[in-house]
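**Student:** Quick one: sequence plus predicted model below, questions after.
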Amino acid sequence: MVKSVAGAYDEMNPERLPEYIQFLMNADVYPHPVDEVRLLQTHISFVVLAGPFVYKWKKPVDFGFLNFSTLARRRYYCGQELLLNRRLCPDNVYLDLVGLTCDDGVYGLGGRGRKVEYGVKMARLPEERMMNRLIRKGEVDGHDIDRIVTRLVPFYERSESSSKVTGFGSVREVGRSVMENFKQTAPYIGQTGLDRERFDRIRDFAAGFLAHRRLFERRMAEGRIRDCHGDLHTANICLADEVIIFDCIEFSRRLRCTDIAADVAFLAMDLDLHGLHNLSEYFIQRFMEASGDPGLLSMLGFYKCYRAYVRGKINLLTAVDPGVNPRTAGECRERAGSCFALAESYAGRSS
């Protein structure tokens with residue numbers, strides 16, 4: 001999976017943006033008061049912050065595992081984004097599918113005219129309550145972890161667990177997701193904290209663990225493979241009056257339908273990455289107790305290694321993208337090195 005760093009492109013020149021995004025940067029085009037318009041970008045999205053709302057537009061890209069190349073596909077995945085994210089969000093967060101029209105060269109947000117783009121309208125969440133920001137201020141504790149566990153356990157209990165979903169937990173499907181990361185990063189060995197020795201050590205650990213087929217079969221038989229969130233880290237959690245967990249993977253059923261252990265391992269890894277090892281351990285312990293899933297521990301090291309490597313890959317590929325501003329590229333290189341080092345430490349401990 002390549003889900004790039006939000007904000008990496010936010011300093012690009014306006015004239016390099018698509019015409020419809022230039023149109024949306026004007027506060028007067030919205031049907032509600034807007035004091036300021038701000039644009040964030042990733043490899044796959046334009047995210048327009050307009051007053052109290054967020055408008056998210058998918059770029060016409062095709063990365064193989066993700067295909068937004070046609071208007072019909074973008075409309076479909078906008079619908080999926082609304083449907084899937086409402087599972088872990090209050091009703092007043094993911095609001096509506098919006099259409100952008102064009103009539104004789106004049107754009108309009110909604111209304112009549114030929115539809116040229118579709119987007120997702122969201123309520124703007126309080127940025128000061130985002131979990132990653134609170135961590136940097138030292139304001140996340142065990143009570144917050146308890147709130148997250150209370151939100152997650154019933155979500156997994158009611159998530160889809162059909163035979164098709166369970167199939168995504170097989171060695172073949174997990175191996176496909178895990179090993180493609182090494183193929184995608186191999187050309188960059190020697191860059192950004194990923195030398196040949198570290199690459200080989202992590203890859204060999206992953207391949208060795210995948211040989212334990214019975215572990216994966218047991219998780220499948222126990223019903224631990226569910227239609228999960230898929231991108232469960234601190235930047236996608238808002239610790240408001242109600243815990244809001246947003247921005248799940250909508251574009252790939254294979255990457256979203258996974259072992260519950262893989263989902264919670266993402267958040268545990270992210271806490272480790274922030275140096276909050278005690279909170280990471282507390283999160284896993286509380287989750288196992290609340291979910292009745294002690295077998296999660298048998299998979300945890302493997303999936304934490306996988307998640308750390310994915311985060312390293314994302315930051316690496318963002319850093320080498322020529323469209324990224326130099327400041328962000330430098331930050332991403334540093335984060336990539338930290339993530340690859342963490343993945344290596346998991347590989348060593350789990351071995």
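**Tutor:** Good, I have the coordinates. Because the structure is predicted, anything quoted here is derived from the model rather than measured.
**Student:** Find the centremost residue of the chain, please.
**Tutor:** D231 (3.4 Å; C-alpha atoms, centre = their mean).
**Student:** Now for that one: which residues touch it?
**Tutor:** Applying C-beta atoms under 8 Å, 6 or more residues apart in numbering to D231 gives the contacts K3, D247, C248, I249, F266. Yep, even glycine has a C-beta here, placed from its N, CA and C like the rest.
**Student:** what about the stretch 251-351 of the chain, any weak spots by pLDDT?
**Tutor:** Low-confidence segments of the stretch 251-351 of the chain (pLDDT under 70): 351.
**Student:** could you pull out the helices for it?
**Tutor:** 253-256, 260-273, 277-291, 297-319, 326-350 (DSSP state H, counting those that start in this stretch).
**Student:** Turn the contacts of D231 into a markdown table, columns for secondary structure.
**Tutor:** Converted to a markdown table, the contacts of D231 look like this (DSSP: H, G, I helix; E, B strand; the rest coil):
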| residue | secondary structure |
| --- | --- |
| K3 | coil |
| D247 | coil |
| C248 | coil |
| I249 | coil |
| F266 | helix |
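**Student:** picking that back up, can you list the helices of the stretch 251-351 of the chain in JSON lines and add distance to G190 and mean neighbour count?
**Tutor:** Below are the helices of the stretch 251-351 of the chain laid out as JSON lines (distance: least, C-beta to C-beta, whole Å; neighbours: other C-beta atoms under 10 Å):
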{"stretch": "helix 253-256", "distance to G190": "28", "mean neighbour count": "18"}
{"stretch": "helix 260-273", "distance to G190": "23", "mean neighbour count": "25"}
{"stretch": "helix 277-291", "distance to G190": "30", "mean neighbour count": "17"}
{"stretch": "helix 297-319", "distance to G190": "11", "mean neighbour count": "24"}
{"stretch": "helix 326-350", "distance to G190": "12", "mean neighbour count": "19"}
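**Student:** Can you show me the strands along the stretch 51-200 of the chain?
**Tutor:** Assigned by DSSP state E, counting those that start in this stretch, the strands in the stretch 51-200 of the chain fall at 53-58, 94-103, 106-109, 114-123.
**Student:** Give me the mean pLDDT for the second one.
**Tutor:** With pLDDT averaged residue by residue, strand 94-103 scores 95.
**Student:** same question, the shortest one
**Tutor:** For strand 106-109, mean pLDDT is 92.
**Student:** on that earlier part again, packed most tightly, which of the strands of the stretch 51-200 of the chain would that be?
**Tutor:** strand 53-58 (a mean of 21; mean count of other C-beta atoms under 10 Å).
**Student:** name the helices or strands packed onto that one?
**Tutor:** Packing contacts for strand 53-58, counted by 3 or more C-beta pairs under 8 Å, 6 or more residues apart in numbering; DSSP states H and E, involve helix 19-24, strand 45-50, helix 71-85, strand 94-103, strand 114-123.
**Student:** Out of the ones you listed, flag the one nearest A211.
**Tutor:** Nearest to A211 among the helices and strands packed on strand 53-58 is helix 71-85; the distance by C-beta to C-beta comes to 32.8 Å.
**Student:** Give me the contact list for that closest one.
**Tutor:** By C-beta under 8 Å, 6+ apart, helix 71-85 touches 56, 58, 60, 67-68, 93-94, 96-97, 115-120, 246-248, 250-251, 256.
**Student:** if we can go back for a sec, can you select the buried ones from the contacts of D231 in PyMOL?
**Tutor:** To isolate the buried subset of those in PyMOL, counting by 16 or more other C-beta atoms under 10 Å, use the following:
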select buried, resi 3+247+248+249+266
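**Student:** Skipping adjacent residues, who's closest to T101 in space?
**Tutor:** G113 (3.2 Å; C-beta to C-beta, 6 or more residues apart in numbering).
**Student:** Turn the strands of the stretch 51-200 of the chain into JSON lines, columns for distance to R158.
**Tutor:** Formatted as JSON lines, the strands of the stretch 51-200 of the chain follow (distance: least, C-beta to C-beta, whole Å):
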{"stretch": "strand 53-58", "distance to R158": "26"}
{"stretch": "strand 94-103", "distance to R158": "18"}
{"stretch": "strand 106-109", "distance to R158": "35"}
{"stretch": "strand 114-123", "distance to R158": "23"}
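**Student:** Between those strands, which one is closest to A206.
**Tutor:** Using C-beta to C-beta, those put strand 53-58 closest to A206, at 30.6 Å.
**Student:** distance between the closest one and the chain's centre?
**Tutor:** Chain-centre distance of strand 53-58: 16 Å, with C-alpha atoms, centre = their mean, to the nearest Å.
**Student:** Please apply the same query to stretch 20-28.
**Tutor:** Its chain's average C-alpha position is 27 Å from that of stretch 20-28, according to C-alpha atoms, centre = their mean.
**Student:** hang on, the earlier thing: closest to F209 out of the helices and strands packed on strand 53-58?
**Tutor:** helix 71-85 (28.7 Å).
**Student:** Between strand 114-123 and that closest one, find me the angle.
**Tutor:** Orientation check (axes from the mean of the first three to the mean of the last three C-alpha atoms, to 10 degrees): helix 71-85 against strand 114-123 gives 20 degrees.
**Student:** and the angle from helix 71-85 to strand 45-50?
**Tutor:** 70 degrees.
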